[in-house]
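1. Below is the structure, and that's it, no one-letter string:
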């Protein structure tokens, strides 16, 4: 009996030894596979960065996607700035750069699908124009680097906590409008200004931030600011009509994408009420209105295009702090001023006066 117990215990021990050895080998091979996969991912990421970095010299065509809210003159200026910035970095459209463009046709609901389509495509970088497109990229883009431009405030759009502490896959240039200077212009063109009417889309983070700043600026100057919320560009005319009934002296179209999309409605409403119209967006002034004072969209696009070039040359977006580029520009329509009986003060430079 003792001998039988001995052989049974020895057999069990041998079995346990084989099991331990088996588990050890499994763990060893699993570790090797894990390290191999990690190495592959690191190598793939490095290869991708290297490929982008070599594109300017070896003839490989880099593919860039540009996504914007709606096609208009302002968006075209932003896009051209991006193209110019990329060219300054060695990426020339038609040579070693292929640019794919898509707009959301003025509907924010279209933005996520456009971004996801490019995120799952073979493009090397996604560039966004306007705040709604940046906000969409912050939540929808998972695989591609992103560079944004023509954005009022990237922080409120979800780009990060600060200009230095931002989402690791994106960078770009913000351009906050000079609200105080805009009110300066209004007060010079309309002496004794008491009330201004404006409209904005509460769904646009940029507009919410600009209106928050404007309320404080106007309050401190003793100027009443009347506001009407809009949800679509087709509501702009009605918004101006409502504002005209509130004893205002100026219609202000801020840097709101929805309001700019429906700018003709603001022009008609202001003309019918014989009110001067002033806007942040100087690219819209040829469509009507008295004056504009805002930021240069081309300058913002150029700065972001150069950042995109740095990303394509191998730098990581997380190492590139968000920039603030707000080069002011202004213009006044002499024809519209004459129609409204407004005298243009001599202090405005002749270069800012247009027909």
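-> Perfect, I can see it now. All values reported here derive from a predicted model rather than from experimental measurement.
2. Now do the strands in the stretch 201-350 of the chain.
-> Assigned by DSSP state E, counting those that start in this stretch, the strands in the stretch 201-350 of the chain fall at 224-229, 250-253, 277-279, 291-295, 323-324, 328-333.
3. quick one: the fifth one to chain centroid distance?
-> Average the C-alpha atoms of strand 323-324, do the same for its chain, and the two points are 12 Å apart (CA atoms, centre = their mean, to the nearest Å).
4. List the neighbouring strands of that strand plus their orientation.
-> Strand 323-324 has the following strand partners under DSSP bridges: strand 170-174 (parallel).
5. Now the element after the partner strand, going C-ward?
-> Note on strand 170-174: by DSSP states H and E, the next helix or strand toward the C-terminus is helix 179-189.
6. Let me see the ranges of the helices in the stretch 51-200 of the chain.
-> With helices called from DSSP state H, counting those that start in this stretch, the stretch 51-200 of the chain shows them at 73-88, 111-119, 131-140, 179-189.
7. so which of those helices gets nearest residue 303?
-> Smallest distance to residue 303 across the helices of the stretch 51-200 of the chain (CB to CB): 6.7 Å, for helix 73-88. C-beta here means a position set from N, CA and C on the backbone, and glycine is covered the same way.
8. got the angle between that closest one and strand 291-295?
-> Angle of helix 73-88 versus strand 291-295, following axes from the mean of the first three to the mean of the last three CA atoms, to 10 degrees, is 30 degrees.
9. can you put the helices of the stretch 51-200 of the chain in JSON lines and add distance to residue 61 and mean pLDDT?
-> Converted to JSON lines, the helices of the stretch 51-200 of the chain look like this (distance: least, CB to CB, whole Å; pLDDT from 0 to 100):
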{"stretch": "helix 73-88", "distance to residue 61": "13", "mean pLDDT": "96"}
{"stretch": "helix 111-119", "distance to residue 61": "16", "mean pLDDT": "97"}
{"stretch": "helix 131-140", "distance to residue 61": "23", "mean pLDDT": "96"}
{"stretch": "helix 179-189", "distance to residue 61": "42", "mean pLDDT": "98"}
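10. Make TSV out of the strands of the stretch 201-350 of the chain and add mean neighbour count, mean pLDDT and distance to residue 267.
-> Listed next are those as TSV, based on neighbours: other CB atoms under 10 Å; pLDDT from 0 to 100; distance: least, CB to CB, whole Å:
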stretch	mean neighbour count	mean pLDDT	distance to residue 267
strand 224-229	17	98	16
strand 250-253	27	98	9
strand 277-279	27	98	6
strand 291-295	25	97	12
strand 323-324	16	98	31
strand 328-333	19	97	11
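11. Any idea which of those gets closest to residue 143?
-> strand 323-324 (24.1 Å).
12. Residues contacting the closest one, please?
-> The list of residues contacting strand 323-324 from outside it, by CB atoms under 8 Å, 6 or more residues apart in numbering, reads 163, 172, 173, 174, 175, 176, 303, 304, 307.
13. Just flag the most distant two among the residues you listed.
-> Greatest spatial distance in the contacts of strand 323-324: 176 and 307, 17.6 Å, computed using CB to CB.
14. could you flag which of the contacts of strand 323-324 are buried?
-> 172, 173, 174, 175, 176, 303, 304, 307 (16 or more other CB atoms under 10 Å).
15. beta partners of the first one?
-> Read it as residue 172. Beta-bridge partners of residue 172, as defined by DSSP bridges: residue 148.
16. Could you give the separation between the terminal residues of stretch 280-294?
-> End-to-end span of stretch 280-294 (CA to CA, to the nearest Å): 4 Å.
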